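> Sharing a model prediction with you, sequence too.
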Amino acid sequence: MPAKSAEELWKAYTETTDTNGASYQTRWFGNQNKPAEVQAATDAILAGTKTATTTPLDTYTNEQVAIPQPGDYNVLFNGDMKPVAVIKTVVSELIPFYRISAEHAWHEDEGDRTIGDWRQRKTDEFTPTLEAHGHNLSSDTPMVSEVFEVVYRAD
């Protein structure tokens, strides 16, 4: 039976694993106002094809949100904002935009999964947000490059 809340899902996970008292945050991928976008990302994560993400450092600093660290846990929400899994950050690195690797782009599972397509998509995605914060996207713009894994499923 699927969990009704993030707390319930986290409790179910911690009963099966020693998390050494770790805590969790809630998380979804994509625009919360576009449930189909969030659901598509969630489906890719649960299928194991999306295991990475990239976010401008500026996003974390402007929203005053902690940068993901290896060992961090997140309860993953689907397009209906229901908890479906627990994911764990495996790698988190600060890397300039044009140093993101082709391998990382592949693991983000977007478009045709090439670095060229990734750069174009991310340029289109990141430029408005950065400009709203008074910044421009450049080859040196710091990015938080994250790799994660699903460690528990609600089903």
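On my side now, so go ahead.

> Would you state the helices of the protein in chain order?
Under the criterion DSSP state H, the chain carries helices at the ranges 6-14, 35-47, 57-63, 102-108, 115-132.

> In JSON lines, list those helices along with mean neighbour count, distance to Pro70 and mean pLDDT.
All C-beta atoms are positioned from the backbone trio N, CA, C, and that covers glycine. Shown next, in JSON lines, are those (neighbours: other C-beta atoms under 10 Å; distance: least, C-beta to C-beta, whole Å; pLDDT from 0 to 100):
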{"stretch": "helix 6-14", "mean neighbour count": "18", "distance to Pro70": "18", "mean pLDDT": "95"}
{"stretch": "helix 35-47", "mean neighbour count": "17", "distance to Pro70": "18", "mean pLDDT": "97"}
{"stretch": "helix 57-63", "mean neighbour count": "15", "distance to Pro70": "16", "mean pLDDT": "93"}
{"stretch": "helix 102-108", "mean neighbour count": "18", "distance to Pro70": "15", "mean pLDDT": "97"}
{"stretch": "helix 115-132", "mean neighbour count": "14", "distance to Pro70": "23", "mean pLDDT": "96"}
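
> so which of those helices gets nearest Glu146?
helix 102-108 (9.3 Å; C-beta to C-beta).

> list the helices and strands the closest one packs on?
strand 52-56, helix 115-132, strand 142-153 (3 or more C-beta pairs under 8 Å, 6 or more residues apart in numbering; DSSP states H and E).

> Now do the last one: which elements does it pack against?
So the one you mean is strand 142-153. Short answer (3+ C-beta pairs under 8 Å, 6+ apart): strand 142-153 packs on helix 6-14, helix 35-47, strand 52-56, helix 57-63, strand 73-77, strand 83-96, helix 102-108.
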